[in-house]
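A.B. asks: Here's a sequence, model it:
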Amino acid sequence: MTNPKPVEIELKFGLIIGLIIIATAIIGTIVKWKDFYALFIPNGTFLNWRFVFLLIFISVLAVWFIMNYFWQKEYQSHEITKKDRDNLKDALKISENERLTDVITGIPNSRSLQKDIDEYFHANRPYKRMQFIFIDLKDFRKVNSKFGFNKTNDLLRAIAQTIYKRMRRNEDMYKYSVSNKYEKESFYRVYPGGDEFAFIIEGDQADAIGFSNRLVAQFQELSKKTHQILGESINLSFHCAVVEMDPRDSFDDIFKKAEDCYRIAKEGKSEFNICWHPNKLEVMLSKDPKKKSDYERARNIFEVMTIIDKEYN
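C.D. replies: Residues are numbered from 1 along each chain as shown. Down below sits the predicted model:
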């Protein structure tokens, strides 16, 4: 239900109408004074129903004009306040989107990743298996040194946007960079143009492997476009860590497991290296021929590193 609006009368027209009514009433009263007097004040008696009615009518009319004037001013003030509030909401929304978006690639950033992880595991919803995938572009520091940050940022943007636009409904992608508290104790680089990406997908680790296989195909496709961006063709590849997300884990716990996998994957000598935790795929995949096919394909694409399954405190 919408709030009633005051009767809007332009000031100059309202003033003219009011003056006409007053002038007409005064002229009529003067010209027909005897008739007016006899009608409303018969025999000089003020206390009669006609005179009382006239006073009430004039009073109500005056009060209505006064109240409508103040109501209109308040309504206009409310509309201005509402517009200011809506503009502020829009500005805050834009600001929040910018805060959660990586400035180089235009995709969600680390803050958005942490927010999504925290919200997902603290929401009251049915549990679904989720996989965290972390990739780090191989030897990208050398690419930065050779071509400079401007060109490599263009390359990172092309990589991010190409993959991001092909994500499925149950998959999310983030550009990863960290705060200074990780600078000495973690493998991640801190500058905005870093070469790390994180993904969260719904499903088991076999689904994560199928997703990783798709990433390889996209990187091979992107490698063919590097000449347009850098002026020289290079082969793009990555190290990959896959971790099953436990609802009991914090954001830092998930990254601790991913870090363990990443360190092992980085020891691989092939173009693409992958490591996952926990290492229970063979048992799980033997029951699903399609997923087993993805696993065998991954074995052909990646140098598969393994990690000993262990408990994390």
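
A.B. asks: hey, let's count contacts and neighbours off CA atoms from now on
C.D. replies: Will do.

A.B. asks: Quick check: residue 226 touching residue 234?
C.D. replies: Yes: between residue 226 and residue 234 a contact is recorded at 6.3 Å, counting by C-alpha atoms under 8 Å.

A.B. asks: of these two, who's got more company?
C.D. replies: When residue 226 and residue 234 are compared for neighbours, residue 226 comes out ahead with 20 against 14, by other C-alpha atoms under 10 Å.

A.B. asks: Please tell me how far the more buried one sits from residue 165.
C.D. replies: From residue 226 across to residue 165, the span is 18 Å (C-alpha to C-alpha, to the nearest Å).

A.B. asks: Kindly report the same for residue 152.
C.D. replies: 20 Å.

A.B. asks: between those two, which one's more packed in?
C.D. replies: residue 152 (23 against 10).

A.B. asks: Let me see the confidence value for the more buried one.
C.D. replies: pLDDT for residue 152: 92.

A.B. asks: do the same with the one 5 residues further on
C.D. replies: Model confidence at residue 157, given as pLDDT, is 93.

A.B. asks: Neighbours of it, how many?
C.D. replies: Count around residue 157 with other C-alpha under 10 Å applied: 18.

A.B. asks: Surely it and residue 149 touch.
C.D. replies: No: in this structure, residue 157 is not within contact of residue 149 by C-alpha under 8 Å, at 11.8 Å.

A.B. asks: which residues in this structure form helices?
C.D. replies: Counting by DSSP state H, one finds helices in the chain at the ranges 11-31, 33-40, 49-99, 110-122, 140-147, 149-164, 205-223, 226-230, 251-265, 281-285, 289-301.

A.B. asks: Check the ones you listed for me: which has the lowest mean pLDDT.
C.D. replies: Minimum mean pLDDT among those: helix 281-285, a mean of 56.

A.B. asks: what's near enough to touch residue 172?
C.D. replies: 199-201 (C-alpha atoms under 8 Å, 6 or more residues apart in numbering).

A.B. asks: how near is it to residue 222?
C.D. replies: According to C-alpha to C-alpha, residue 172 stands 20 Å off from residue 222.

A.B. asks: likewise residue 81?
C.D. replies: In terms of C-alpha to C-alpha, residue 81 sits 50 Å off from residue 222.

A.B. asks: Who has more neighbours out of the two?
C.D. replies: residue 222 (20 against 12).

A.B. asks: Give me the neighbour count for the residue lying closest to the more buried one once chain neighbours are set aside.
C.D. replies: Spatially, and ignoring its direct neighbours in sequence, residue 222 is nearest to residue 159 (6.9 Å; C-alpha to C-alpha, 6 or more residues apart in numbering). Using other C-alpha under 10 Å, residue 159 has 19 neighbouring residues.

A.B. asks: Would you check that residue 159 makes contact with residue 221?
C.D. replies: No: counting by C-alpha under 8 Å, residue 159 stays clear of residue 221, with 10.1 Å between them.

A.B. asks: Find the residue closest to residue 239 in space, skipping its chain neighbours.
C.D. replies: residue 273 (4.9 Å).

A.B. asks: mind checking the end-to-end distance for stretch 201-210?
C.D. replies: Start-to-end, stretch 201-210 (C-alpha to C-alpha) is 11 Å.

A.B. asks: list the buried ones in it?
C.D. replies: By 16 or more other C-alpha atoms under 10 Å, the buried positions in stretch 201-210 come out as 201-202, 204-210.

A.B. asks: quick one, what contacts residue 224?
C.D. replies: 233-235.

A.B. asks: Could you rerun that using 7 Å?
C.D. replies: Listed by C-alpha atoms under 7 Å, 6 or more residues apart in numbering, the contact set of residue 224 reads residue 233.

A.B. asks: do you know how far it is from residue 72?
C.D. replies: Distance, residue 224 to residue 72, by C-alpha to C-alpha: 66 Å.

A.B. asks: what do you get for residue 242?
C.D. replies: From residue 242 to residue 72 the distance is 63 Å (C-alpha to C-alpha).

A.B. asks: Among those two, which residue is more densely surrounded?
C.D. replies: Under the criterion of other C-alpha under 10 Å, the comparison of residue 242 against residue 72 puts residue 242 first, with 27 against 17.

A.B. asks: Hmm, that one is touching residue 133, no?
C.D. replies: Yes: counting by C-alpha atoms under 7 Å, residue 133 is a contact partner of residue 242 at 4.6 Å.
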